[in-house]
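Undergrad: I would like the atomic coordinates for the input below:
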Amino acid sequence: MIRNYILSLLLLTVFGFVAESSYAQGSCGTPVGLQVSVAGNQVTFSWTGTGGADIHAILLRNEQTGENSKGYSSVGAGFATMTVPPGIYKWRVKSLCNTAARTTEDASEWVWGGTFTMVKTNVYIPQAHAGCDQTDVPGTSTGLSAMSPLDGTGQWKIVSGAGGSFSDASSPVSAFTGISGTTYILRWTVSNESGSTFHDVLVRFCAPPSQADAGTDQLNLYNPASLAASGTGLWTIVNGEGGIFSNPLSATSTFTGVPGRTYVLRWIVSNACGINSDDVTVNFADGAYLNPVLTYGAVADIEGNNYATIQIGTQTWMAENLRTATYNDGTPIPNVNDGATWGNLTTGAWSHYNNDVSYNVPYGKLYNWYAVNTGKLCPQGWRIPTIQDLVSLSYYENSSYGGLKATGNKTDGTGLWKSPNSGATNNLGFSGLPGGMRWGGDGSSFLMDEYGYWWVDDNTQYGGTSYMYFMAYNSANFSYQSPAPTIRDGYSCRCVKD
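TA: As a prediction, this is how the structure comes out:
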């Protein structure tokens, strides 16, 4: 660093005035015409006469530190020069007779003649540098790395951000402690006699990511599953083979799996401060009775049961039998297992075939007419089909013989229908199944594997009965019947979209 110096003399005598009488006489005399001048950081004492001395000694004492410095003129020279750091000094010149006197002169003989102050001027103002920005700092403390000033002092301060503190605000490498999730602007200011400069640095303590939420478990789905995580993260498969995400970086990605398999999917959220995750279970229905070459949609009932749906012409139908035990207004539907009680009901109810819960998937529940007639059996936006809906359905079936029945038979293990399952192609994807029925007399269950029966919602009733439609193992097409045998019978239900 370049420093220029000026000398400010505060003399007890007038500057430049020869005051020989003010000096103690050495044995060799006193210099004549003493002058003091400065150049750079050097002080020069000069004289016009030697006063008979070969050498003159100069003594300076720093009034701030108490340190003494000595300088000597060369033999016969008329001057002596000393390098002087900044400070306030007293000075004295003493005559010596020869060079040997340098080692014998007694400091007690010195008489102080005056004072001067050496000060800096035109000093270079150091440029502050607070170091590099620190983003996403884990924890709540970090070390700073400002540039230490070569000349002057430094000081940290907080420009913005609440709750922070420095371990040593004057140290360029001070530790700084703040609050998680807070961004700070810190200022490093360096200063000296000539001025000051500053530089700001950003410090951001990142907060750990919020707790991951992968959404609720989804069971008995049909492809694809619509995931419902939150935030920004990454999906991975923890358990299960053959699945794929449409976009693993999207919280609402769809997931396509293999029918009949259960997957555990993990939603991972992370940042520089941490990582956490949440798992969701996704189970896909076996769906062996669905048409694998068609694209199915999905709908859920009020309980969260999922159903495959299929577009047939202008209508969207459930491709599975209803399984809900709750009306769409949240009211529970009574489960009545006792046969005699079932045969005497005048209110809505459901049961499984033979009261065996294992039939719930894929055959669904059997409902009496009273449950259907509430108008609240299907999910919101869906309804039990009317006669007109069946007319439309039969139009498409006529152009696709056997297109409403699930294929295969139980004899050879390829399906759920009793052999021969005549003419079944399931080309329309309706996937009709032989869920049997529950008789309204004594509550007996029969015709599983042979017939499938479904209620029709029609206000026209005959003798206390209503419509139903059915499929048989030995026929390709469906038929409908009016009146139904009894409104106390238990049949399957399919819903059509409004």
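
Undergrad: in this structure Gln315 contacts Lys497, no?
TA: Yes. With contact defined as CB atoms under 8 Å, Gln315 reaches Lys497; the gap is 7.1 Å. For glycine as for every other residue, the C-beta is placed from the backbone atoms N, C-alpha and C.

Undergrad: need the strands for the stretch 251-400 of the chain, in chain order.
TA: 254-256, 262-271, 274-284, 297-300, 306-312, 315-318, 350-351, 366-367, 382-383 (DSSP state E, counting those that start in this stretch).

Undergrad: what's the longest one in contact with?
TA: In this structure, residues lying in contact with strand 274-284 by CB atoms under 8 Å, 6 or more residues apart in numbering are 138, 208-209, 211-223, 225, 227, 229, 238, 255, 257-270.

Undergrad: from these, which would you call buried?
TA: When the contacts of strand 274-284 are checked for burial by 16 or more other CB atoms under 10 Å, the buried set is 208-209, 212-215, 218, 220-223, 225, 227, 229, 255, 257, 259, 263, 265-269.

Undergrad: if we can go back for a sec, what's the closest of the strands of the stretch 251-400 of the chain to Thr81?
TA: strand 262-271 (65.6 Å; CB to CB).

Undergrad: that closest one pairs with which strands, and in what direction?
TA: Partner strands for strand 262-271, per DSSP bridges, with pairing direction: strand 234-239 (antiparallel), strand 274-284 (antiparallel).

Undergrad: can you give the contact residues for the first one?
TA: Residues external to strand 234-239 that are found in contact with it (CB under 8 Å, 6+ apart): 227, 229, 243, 245, 248-250, 253, 255, 262-268, 279.

Undergrad: pLDDT on whichever helix or strand comes after it, on average?
TA: If you walk from strand 234-239 toward the C-terminus, the next helix or strand you reach (DSSP states H and E) is strand 244-245. Across strand 244-245, the average pLDDT comes to 92.

Undergrad: okay, now the sheet partners of strand 244-245, with direction.
TA: For strand 244-245, the pairing partners within the sheet under DSSP bridges are strand 254-256 (antiparallel).

Undergrad: pull the residues that contact the partner strand.
TA: Outside strand 254-256, the residues that touch it by CB under 8 Å, 6+ apart are 223-227, 235, 243-246, 263, 265, 282.

Undergrad: mind checking how far it is from the chain centre?
TA: Here the centre of strand 254-256 is set off from its chain's centre by 23 Å, with CA atoms, centre = their mean, to the nearest Å.

Undergrad: what does stretch 156-173 give?
TA: 28 Å.

Undergrad: so which bits of that stretch are buried?
TA: Going by neighbour count (16+ other CB under 10 Å), the buried part of stretch 156-173 is Trp156, Ile158, Gly161, Gly164, Phe166, Pro172.

Undergrad: go on, stretch 192-207?
TA: Asn192, Ser196, Phe198, His199, Asp200, Val201, Leu202, Val203, Arg204, Phe205, Cys206.

Undergrad: how many residues are close by Ala300?
TA: By other CB atoms under 10 Å, 14 other residues sit near Ala300.

Undergrad: surely Thr189 is in a helix?
TA: No. Applying DSSP: H, G, I helix; E, B strand; the rest coil, one finds Thr189 to be strand, outside a helix.

Undergrad: pLDDT score assigned to it?
TA: The pLDDT attached to Thr189 in the predicted structure is 96.

Undergrad: what about the stretch 251-400 of the chain, any weak spots by pLDDT?
TA: By pLDDT under 70, the low-scoring segments of the stretch 251-400 of the chain are 286, 399-400.

Undergrad: which residue packs closest to Ile179, ignoring adjacent ones?
TA: Excluding the flanking residues, the one nearest Ile179 by CB to CB, 6 or more residues apart in numbering is Gly163, at 4.5 Å.

Undergrad: ok, the one you found touching Ser180?
TA: No. Checked against CB under 8 Å, the pair Gly163 and Ser180 is beyond contact range at 10.1 Å.

Undergrad: do you know how far the spatially most central residue of the chain is from Gly233?
TA: With distances taken as CA atoms, centre = their mean, Pro209 lies nearest the centre of the chain, 4.8 Å away. As defined by CB to CB, to the nearest Å, Pro209 lies at a distance of 8 Å from Gly233.

Undergrad: deepest-packed of the strands of the stretch 251-400 of the chain, please.
TA: Highest mean neighbour count of these: strand 366-367, a mean of 26 (counted as mean count of other CB atoms under 10 Å).

Undergrad: just give me the longest helix of this protein.
TA: Using DSSP state H to assign secondary structure, the helix with the most residues in the chain is helix 387-398.

Undergrad: and the helix or strand just after it, what does it pack against?
TA: Following the chain from helix 387-398 toward its C-terminal end, the next helix or strand by DSSP H and E is strand 437-438. With contacts defined as 3 or more CB pairs under 8 Å, 6 or more residues apart in numbering; DSSP states H and E, strand 437-438 has these neighbours: strand 445-446.

Undergrad: run a quick neighbour tally on Ser74.
TA: With neighbours defined by other CB under 10 Å, the count for Ser74 comes to 12.
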